[in-house]
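Colleague: what would the 3D arrangement of this be:
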Amino acid sequence: MSSDLPKPSQNYKALQQQLLEAIAVRKFPDGKHSDWNEIHRLRPILQKEFAEAFSLKIVKQYPGNRRREALRLLQQALSAEGHGWHDFDHVDHATRPGFDGEILISQPYGVATEIHQRMAAKLGYTFTQADEWTYYYPGKSHLFITEVTREIIRKLRKAHN
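Modeller: Model (predicted):
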């Protein structure tokens, strides 16, 4: 993780803790399940602060073909490197003014950071790990941002189609 990344506010950390409590309700002996109303209330608040901190706009609609293709091509590139995990999990898509490409935010339970860093350096895209910002399952899920330009997508398409 880079030290120049924005840091979550104390409020963000408190909201993450509330989210954890809402998720953990199912662990009580009375048989209660997770508090989904609270989970669905908190995640968008966390997501909004995360997006603002990283100057992103989260895409709310179902990802179109171009976004799904970028995700598929990155998964294929990782697989070609011998990486069999499913690092792209709980994925959100985002945009940033002036960026011509696809931005993927993934929050998997496991991530092969070294492989992603090597692939990013090899192929020329940006990989940023920011676990402290996870808004899916704080403390359990990781968070990384992958920024892939159209040029890199074309290169990946040639290599994996």
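
Colleague: residue ranges with poor pLDDT in this protein?
Modeller: Residue ranges of the chain with pLDDT under 70: 1-3, 25-32, 63.

Colleague: can you give me the strands for this structure?
Modeller: 57-58, 92-95, 101-106, 126-129, 144-149 (DSSP state E).

Colleague: deepest in the core, which of those strands is it.
Modeller: Highest mean neighbour count among the strands of the chain (mean count of other Cβ atoms under 10 Å): strand 101-106, with a mean of 22. C-beta coordinates here come from the backbone N, C-alpha and C atoms, glycine included.

Colleague: dump the C-alpha coordinates for stretch 154-161 into PDB.
Modeller: What follows is stretch 154-161, C-alpha atoms only, in PDB (Å, rounded to 0.1, in the frame of the first residue of the first chain):
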ATOM      1  CA  ARG A 154      -6.700  -3.400 -26.800                       C
ATOM      2  CA  LYS A 155      -3.300  -5.000 -25.900                       C
ATOM      3  CA  LEU A 156      -5.100  -7.400 -23.600                       C
ATOM      4  CA  ARG A 157      -7.700  -8.200 -26.200                       C
ATOM      5  CA  LYS A 158      -5.000  -9.100 -28.800                       C
ATOM      6  CA  ALA A 159      -3.300 -11.300 -26.200                       C
ATOM      7  CA  HIS A 160      -6.300 -13.100 -24.900                       C
ATOM      8  CA  ASN A 161      -8.900 -13.400 -27.600                       C
END
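
Colleague: which among the strands of the chain is found nearest to A77?
Modeller: Among the strands of the chain, strand 144-149 comes nearest to A77, with 10.0 Å by Cβ to Cβ.

Colleague: what does that closest one contact?
Modeller: 54, 56, 70, 74, 87, 94, 96, 99-106, 111, 113, 116, 120, 124-130, 156 (Cβ atoms under 8 Å, 6 or more residues apart in numbering).

Colleague: pull the CA atoms of the lengthiest helix in the chain into CSV?
Modeller: Across the chain, the longest stretch assigned as helix under DSSP state H is helix 36-53. This file holds the C-alpha atoms of helix 36-53, laid out as CSV (Å, rounded to 0.1, in the frame of the first residue of the first chain):
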residue,chain,number,x,y,z
TRP,A,36,-29.5,-6.4,6.0
ASN,A,37,-31.4,-3.1,6.3
GLU,A,38,-28.5,-1.6,8.2
ILE,A,39,-25.9,-3.2,5.8
HIS,A,40,-27.7,-1.7,2.8
ARG,A,41,-27.9,1.7,4.6
LEU,A,42,-24.2,1.8,5.6
ARG,A,43,-22.5,0.5,2.4
PRO,A,44,-23.6,3.4,0.2
ILE,A,45,-22.5,5.9,2.8
LEU,A,46,-19.0,4.3,2.9
GLN,A,47,-18.9,3.9,-0.8
LYS,A,48,-19.6,7.6,-1.3
GLU,A,49,-16.9,8.8,1.0
PHE,A,50,-14.4,6.3,-0.6
ALA,A,51,-15.3,7.6,-4.1
GLU,A,52,-14.9,11.2,-3.0
ALA,A,53,-11.5,10.5,-1.4
